[in-house]
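[1] Got a sequence here, can you model it:
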Amino acid sequence: MNGRMLAKKIVRLGFYWVTMEADFIEHAKKCHQCQIHSNLNHLLPKELYNMTSPWPFSIWGIDIIGRITAKASNRHEFILIAIDYFTKWVEAVSFSVLKAKHVARFIESNFICRYGIPHEIILDNESINKNVKVILEKTTERYRDWADKLPFALWGYRTSIQTSTEMTLYSLVYGMEAILPAEIEVIYLRIILESQILEAEW
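    Here you go, the predicted model:
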């Protein structure tokens, strides 16, 4: 996430200071992980084609990342990853061995039980693979802990503003922004208002 996108995300959460955008741009310039894993586009543009989905969670793209050469500390070598084509919501799980029964269980527990039966599942969805790999590289300190960091990488991706929609995936799916850990530590207006509503209802 570049400095401008980070500033937009913080403003949407209700925080603001005059030099905020400049501060975040400066932070992104000095952040070692940001510099190593920033997007460098060296490919020639390809012809675009329209992938439309009639409603949220009706069409999913699914793919496998792996075999990952440095096994995780829990011996996992594969990531099964899926993206909803309407909201761009991502689900992913790591495995040590990946068989058809694991894929079926993943579809059952991560699609059907959460969002209903999908209209269509499309195989081979490489674009999201790159994003998840980059996020994992930014969040892991030791390469072997990538499986432990996968849920945090997904949370970071889901709560980041997407350039295509100018919204977070979380807000597209749930209709509100996720409560960040910083909002619990700092007395924040949204938390105060929510707690007062709950007390009034009791």
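
[2] hey, let's count contacts and neighbours off CA atoms from now on
    Noted.

[3] E91 belongs to a strand?
    Yes: E91: assigned to a strand according to DSSP: H, G, I helix; E, B strand; the rest coil.

[4] Mind checking what secondary structure the nearest residue to it once chain neighbours are set aside has?
    Leaving aside its sequence neighbours, E91 sits nearest to A82 (C-alpha to C-alpha, 6 or more residues apart in numbering; 5.3 Å). Using three-state DSSP, the secondary structure recorded for A82 is strand.

[5] Tell me how many other residues crowd A82.
    Each residue near A82 was counted by other C-alpha atoms under 10 Å, and the total is 28.

[6] Does it touch V90 like I think?
    Yes: the pair A82 / V90 is scored as a contact, 5.7 Å apart, by C-alpha atoms under 8 Å.

[7] sorry, back to before: tell me which residues touch the residue nearest to E91, please.
    W60, G61, I62, D63, V90, E91, A92, N125 (C-alpha atoms under 8 Å, 6 or more residues apart in numbering).

[8] At which residues are the helices of the chain located?
    3-12, 20-30, 32-36, 100-107, 113-115, 126-139, 146-158, 169-174, 181-185, 189-201 (DSSP state H).

[9] Please point out which parts of the fourth one sit buried.
    To tie it back to what came earlier, the one meant is helix 100-107. V103, F106, I107 (16 or more other C-alpha atoms under 10 Å).

[10] Give the rounded mean pLDDT of that helix.
    Helix 100-107 shows a mean pLDDT of 93.

[11] Please work out which residues outside it touch it.
    With C-alpha under 8 Å, 6+ apart, helix 100-107 has contacts from L80, V93.

[12] Distance from the chain centre to it, please.
    21 Å (C-alpha atoms, centre = their mean, to the nearest Å).

[13] Show me the shaky parts of this structure.
    Applying pLDDT under 70 to the chain picks out residues 1-7, 13, 32-51, 125-127, 139-140, 143, 182-202.

[14] center of it - which residue?
    Y157 (2.1 Å; C-alpha atoms, centre = their mean).

[15] hang on, the earlier thing: bridging residues for the residue nearest to E91?
    For A82, the beta-bridge partners are I62, E91 (DSSP bridges).

[16] got it, and I121?
    Under the criterion used (DSSP bridges), I121 bridges to W60.

[17] right, and it touches S53 too?
    No: the criterion here is C-alpha under 8 Å, and I121 misses it with S53 at 11.3 Å.

[18] and the spatially closest residue to A92 that is not a sequence neighbour, what does it touch?
    Spatially, and ignoring its direct neighbours in sequence, A92 is nearest to I81 (4.2 Å; C-alpha to C-alpha, 6+ apart). Contact analysis of I81 by C-alpha under 8 Å, 6+ apart lists I62, D63, I64, I65, V90, E91, A92, V93, N129.
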